[in-house]
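Undergrad: prediction below, plus the sequence it came from.
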Amino acid sequence: MKLGAFSVSLPVKNLTVSKQFYEQLGFKVFAGDIDRHYLIMKNEETLIGLFQGMFDETLLTFNPGWDQSAQTLENFDDVRAIQQALMDHDIKLERHCDSKGHGPASIVLKDPDGHTLLIDQHV
């Protein structure tokens with residue numbers, strides 16, 4: 001199963017303060033918009049998302065169809081195929097996507113320890 005680019009999405013209290021902290025660790029703004037309350041920051045191949053007021057818990061985020069530089073991959077597993085494979089293995093999904101759709105969609109599941117995984121396809 002090809003899950004695509006990986007990042008950790010963090011809920012933050014103050015986006016500006018968090019941005020400055022991660023810049024001190026060598027991260028640079030890669031994408032996002034501070035006025036829309038989110039930034040994606042990158043340090044080499046490591047990605048973190050900083051989100052103010054959008055969700056309450058840390059998410060392990062996978063982006064099918066993207067590499068670590070948000071470039072579209074030629075070959076990838078569509079989120080609907082991933083959804084079906086998970087369901088075939090009796091993995092409970094917290095949120096499904098339309099199995100007949102195409103293009104951008106997302107699903108959410110929890111691992112056995114309760115960590116939330118977001119599989120969020122943008123292409």
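TA: In hand now; what should we look at? On a predicted model such as this, the values are computed, not experimentally measured, just so you know.
Undergrad: going by C-alpha atoms from here, please, whenever you check contacts or count neighbours.
TA: Fine.
Undergrad: quickly note the distance from H37 to L50.
TA: 8 Å (C-alpha to C-alpha, to the nearest Å).
Undergrad: where do the strands sit along this protein?
TA: 5-12, 28-33, 38-43, 46-52, 59-63, 93-95, 105-110, 116-121 (DSSP state E).
Undergrad: then the fifth one to PDB, C-alphas only?
TA: It refers to strand 59-63. Extracted C-alpha coordinates of strand 59-63, given in PDB (Å, rounded to 0.1, in the frame of the first residue of the first chain):
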ATOM      1  CA  LEU A  59      -2.500  13.600  13.400                       C
ATOM      2  CA  LEU A  60      -0.200  11.300  11.500                       C
ATOM      3  CA  THR A  61      -0.900  12.500   8.000                       C
ATOM      4  CA  PHE A  62      -0.300  10.700   4.700                       C
ATOM      5  CA  ASN A  63      -0.900  12.200   1.300                       C
END
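Undergrad: who's in contact with that strand?
TA: Contacting residues not belonging to strand 59-63 are listed as 3-10, 115-122 [C-alpha atoms under 8 Å, 6 or more residues apart in numbering].
Undergrad: repeat the analysis, applying 7 Å as the threshold.
TA: Strand 59-63 has contacts (C-alpha atoms under 7 Å, 6 or more residues apart in numbering) with 3-10, 116-121.
Undergrad: stretch 15-32 too?
TA: Contacts for stretch 15-32 (C-alpha under 7 Å, 6+ apart): V12, H37, Y38, L39, I40, M41, K42, N43, L50, Q52.
Undergrad: closest one of the residues you listed to P64?
TA: P64 has its nearest neighbour among the contacts of stretch 15-32 in I40, at 16.6 Å by C-alpha to C-alpha.
Undergrad: can you name the residues that contact the nearest residue to that closest one once chain neighbours are set aside?
TA: Closest residue in space to I40, ignoring its immediate chain neighbours: G49 at 4.4 Å, by C-alpha to C-alpha, 6 or more residues apart in numbering. Under the criterion of C-alpha under 7 Å, 6+ apart, the neighbours of G49 are S7, V8, S9, L10, L39, I40, M41.
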